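Asker: Sequence first, predicted model second:
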Protein chains: 2
Amino acid sequence: MEQRYMQIGQAAERTGLTQRTLRFYEEKRLLNPPTRMEGGFRLYSEEDIQRIEHILQLKQNLGFSLADIREMLEAEEAISALKAQFREFSTEQKIESLENATRVIEGQMGLIERKIDQLSSMRDFWQQKRAKYNQRVKEIQDEQTSINVTS
Amino acid sequence: MEQRYMQIGQAAERTGLTQRTLRFYEEKRLLNPPTRMEGGFRLYSEEDIQRIEHILQLKQNLGFSLADIREMLEAEEAISALKAQFREFSTEQKIESLENATRVIEGQMGLIERKIDQLSSMRDFWQQKRAKYNQRVKEIQDEQTSINVTS
DNA sequence: TTTGACCTTGACGTAAAGGGAAGGTTCCAG
DNA sequence: CTGGAACCTTCCCTTTACGTCAAGGTCAAA
């Protein structure tokens, strides 16, 4: 499988992070140690980039700490590890591991949905305020118009 | 206007924050200096509590820093300050200040909506994964059933 | 083989968001 | 009018999430 690699500078540019941050995430074990060139330069694959973007989603949208994110990534990895052994499982084991995975997923979805709900209610709140202000503008403009007409 | 006040302990309990955090937010001017008892004990009104809850929404759901939140609260206060003088404004001033307020509101709504969009796409992603797993479970169960039947 | 861009680790620095404890004051129930 | 709970300020400490050098090694093109 021919892979297209990039160095840390480009990876940083792609993700909008700094090189320091990429190294830091690696140190904190959010990123698996990337492949290296003979001289030691880090090489990032497209897959690595996606993982980074995944991390950023969790961080920026859900507001998790890096420690939390690491746990979540580990849970996901545990699932794919199971997947690899899947063929050798008994039917019961298969079902159990699938249901396990489902539970993990539903946990994540629960978090996301709660957040969406709260955001929606915030949006509605502002939405109403805006409507009120627009209404006021219209009222004032109508007033103004009627004065112009009668004058 | 008779007000029902509570001390910092109860305010902390109500909001789920610590007393330290409440004092800290006050120090950072996210909260207006609360009224005090003669001896110096802080007294929080229901309004204060709501402001705190507002702050928590901004912090937890939108992930803003306290500094950002302070700016946003100040913008909101600027709006209500205008409101107080509203009667004395010329028609043009009225319209301008209303449109100004609308712009602030739309800024907030934009942030919220972007966040909702991103969360929605995350939800869809997990949603699909879950559906796939559920499908697999069903397949396996069906297999199992047919074996039982034929055996 | 040199040059300049790019990269390495390591050490130290720092802003944000509080935690915790000392030492003193206030409140109020008994 | 007193004892204990609740609160006050002040000061220093900690964690998280990186930023910022410094001193040196690597890569690729000329």
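Answerer: Nice, I can see it.
Asker: Look up the pLDDT of residue A:151 for me, please.
Answerer: We have a pLDDT of 47 for residue A:151.
Asker: pull the longest helix from chain A.
Answerer: helix A:91-150 (DSSP state H).
Asker: Also compute the angle for that helix relative to helix B:91-150, please.
Answerer: 160 degrees (axes from the mean of the first three to the mean of the last three Cα atoms, to 10 degrees).
Asker: Could you find the closest non-adjacent residue to the residue most central in space within chain A?
Answerer: Central residue of chain A (Cα atoms, centre = their mean): residue A:57, 1.7 Å from the mean position. Spatially, and ignoring its direct neighbours in sequence, residue A:57 is nearest to residue B:122 (6.2 Å; Cβ to Cβ, 6 or more residues apart in numbering or on different chains). In short, each C-beta sits where N, CA and C put it, glycine included.
Asker: hang on, that neighbour packs against residue A:60?
Answerer: No. Taking Cβ atoms under 8 Å as the definition, residue B:122 is not a contact partner of residue A:60, at 11.0 Å.
Asker: Tell me which of the two has more neighbours.
Answerer: residue B:122 (21 against 12; other Cβ atoms under 10 Å in any protein chain shown).
Asker: who touches that one in this structure?
Answerer: By Cβ atoms under 8 Å, 6 or more residues apart in numbering or on different chains, the residues touching residue B:122 are A:57, A:61, A:112.
Asker: Ok, residue A:67 next?
Answerer: residue A:28.
Asker: same thing with residue A:29?
Answerer: Residue A:29 is in contact with residue A:70, counting by Cβ under 8 Å, 6+ apart.
Asker: Tell me which residues of stretch A:113-132 come out buried.
Answerer: A:115, A:116, A:119, A:122, A:123, A:125, A:126, A:129, A:130 (16 or more other Cβ atoms under 10 Å in any protein chain shown).
Asker: Equivalent analysis for stretch A:136-149, please.
Answerer: Here stretch A:136-149 shows A:136, A:137, A:140 as buried, counting by 16+ other Cβ under 10 Å.
Asker: JSON lines for those, including pLDDT and distance to DNA strand D?
Answerer: Converted to JSON lines, the buried residues of stretch A:136-149 look like this (pLDDT from 0 to 100; distance: Cβ to the nearest atom of the strand, whole Å):
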{"residue": "A:136", "pLDDT": "90", "distance to DNA strand D": "40"}
{"residue": "A:137", "pLDDT": "88", "distance to DNA strand D": "42"}
{"residue": "A:140", "pLDDT": "86", "distance to DNA strand D": "44"}
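Asker: Residue numbers of chain A in contact with DNA strand C?
Answerer: A:7, A:8, A:9, A:10, A:19, A:23, A:36, A:40, A:41, A:42 (Cβ under 7 Å from any atom of the strand).
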